[in-house]
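got a predicted model here, sequence first, then my questions.
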Amino acid sequence: MTVSRLDLLKNNPYRRLAELLGDAEPGKEPLFLQVGEPQDAVPDIVAREVAANAALFGKYPPPNGSPGYQDAVARWLERRYGLNVGSVDAGRQVLALCGTREGLFQAALVAILRKRERLNPSETPAVLLPNPMYHVYFGGAVVGEADPILVNADAETGFVPDFAGLPTEVLDRAAICYFCTPGNPTGAVAKRADITRMLALARKHDFVLAVDECYSEIWFDTPPAGGFDAAVDLGGDTSHLLVLNSLSKRSGSPGLRCGFVAGDPALIESFAMLRSYGGAQVPGPLMAAGEALWRDEAHVEENRRHYSQLVAIADRHLAGVPGYVRPEAGFFLWLDTTKTIGDGETAAKRLWSEVGVKALPGRYMARPDPETGGTPGDAYIRLALVHDPARVEEAMSRVASVLKD
């Protein structure tokens, strides 16, 4: 029986988690670690700027972002990646996004339309996906009627997918490759050389490299490399490159819905055209707050200290537990529970029913092998360290009690 594309979209991880737990009651007062939604207070900048610019609620927002917002992002990119001042053209290389989820989805549509024009009618564009992944990537491939090509990001690869190992025929059909660093859900950080090789590969085979950098500012030792670093390594040209980021994690403001896509001017032009038909615009007062946040680093440093503290709490409770690995960056724990209590689904059910901790099975962030039915996420759960230190302390204590039982 043929499965419709809409049916493929029903494989949403949170829907599956709800089905897994059903009507089961939590063993203790619930602690929700399944969603990567920062719970700390938003920076004071937000309320101040929204109030000061409230009159903008009476005007349609500029579809590509306000000139001030675009400029703030361009200057931030230059500071963050050590680029020459003025090297990022705010008007031609930066688009405001209503968060990055819609941008990541729309990037697939732009790239698939672009590639389909360049292939023979008998050929189907391909979308290269890390496995496991943020589910929106897969949704873009499905809705764009492309072939999803899954490349495992597992312990054997250091949790960084090896797209270069794909057959030439697949790479030639590729419309877009999603490259997430720091990784969601794994917390792995790709080396600068890895990103540079991917951008070179994108140019060789004429596909778009979409670098999802939403967790780039939550690091503990060294700032992770990004797509603009790769462009510098290849001479400074941003051809075939799209970089996406937002204020949800960097600035702890997920409800602000302020993000951006930046990179190749030709791709940005096509992106803007697509968004003029179906892209949500960021309201003016929220964009003003976003502009102020991109220009400020003090709150980002405070945010980084906060997450360092939360990871230290996890270390204290879980270091030495088989399957625990400290994340390189970001705020997710990618925990192999087969070494203690069973696969990810088993662990999620036990953590909920025994100690009230809601975790996301790693299987729900991955796609199955068509022959074996297994996924590279089967052994894992993802836990989001997004609460205040006291709640994270309690959550890690509960998790450890089950894993060490």
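Received it, and whenever you're ready, just let me know what you need. Numbering: from 1, shown residues only.

when you work out contacts or count neighbours from here on, use the C-alpha atoms and nothing else.
Fine.

and the gap between the nearest residue to Thr238 once chain neighbours are set aside and Ala155?
If you skip the residues right next to it in sequence, Thr238 has Asp264 as its closest partner in space, 4.9 Å away by C-alpha to C-alpha, 6 or more residues apart in numbering. Using C-alpha to C-alpha, to the nearest Å, we find Asp264 at a distance of 33 Å from Ala155.

more crowded one of the two?
Set side by side, Asp264 and Ala155 show unequal neighbour counts under other C-alpha atoms under 10 Å, the larger going to Asp264 at 19 against 10.

so what's the more buried one up against?
For Asp264, the contacting residues are Gln93, Thr238, Ser239, His240, Leu241, Leu242, taking C-alpha atoms under 8 Å, 6 or more residues apart in numbering as the criterion.

ditto for Asp221
With contacts defined as C-alpha under 8 Å, 6+ apart, Asp221 is in contact with no residue.

mind redoing it with 10 Å?
With C-alpha atoms under 10 Å, 6 or more residues apart in numbering as the criterion, the residues that contact Asp221 are Ser308, Glu328, Ala329.

cool, Gly263 as well?
Residues 88-89, 92-95, 210, 227-228, 231, 237-244 are the ones in contact with Gly263 under the rule C-alpha under 10 Å, 6+ apart.

ok, of these, which come out buried?
Those of the contacts of Gly263 that meet the buried threshold are 88, 92-95, 210, 227-228, 231, 238-244, by 16 or more other C-alpha atoms under 10 Å.

out of these, list just those in helices.
Cross-referencing these with the helices (criterion: DSSP state H) gives Arg92, Gln93, Gly227, Phe228, Ala231 as the overlap.

tell me the pLDDT at the third one?
It stands for Gly227. At Gly227, the model reports a pLDDT of 98.

that one reaches Leu199, doesn't it?
Yes - using C-alpha atoms under 10 Å, Gly227 is in contact with Leu199, at 8.0 Å.

least trustworthy helix or strand in the chain by mean pLDDT?
Of all the helices and strands that make up the chain, helix 5-8 has the lowest average by mean pLDDT, DSSP states H and E, namely a mean of 80.

on that earlier part again, tabulate the contacts of Asp264 (TSV), appending pLDDT.
As requested, those are arranged in TSV below (pLDDT from 0 to 100):
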residue	pLDDT
Gln93	98
Thr238	98
Ser239	98
His240	98
Leu241	98
Leu242	98
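
and the helix ranked longest in the chain, what's its mean pLDDT?
As far as residue count goes, and with DSSP H defining each element, the longest helix of the chain is helix 298-318. Averaged over helix 298-318, pLDDT sits at 97.

strands along the chain, start to end?
Taking DSSP state E as the test, the strands found in the chain are 31-32, 94-97, 126-131, 147-152, 174-180, 208-212, 241-246, 259-263, 332-336, 357-358, 360-361, 380-384.
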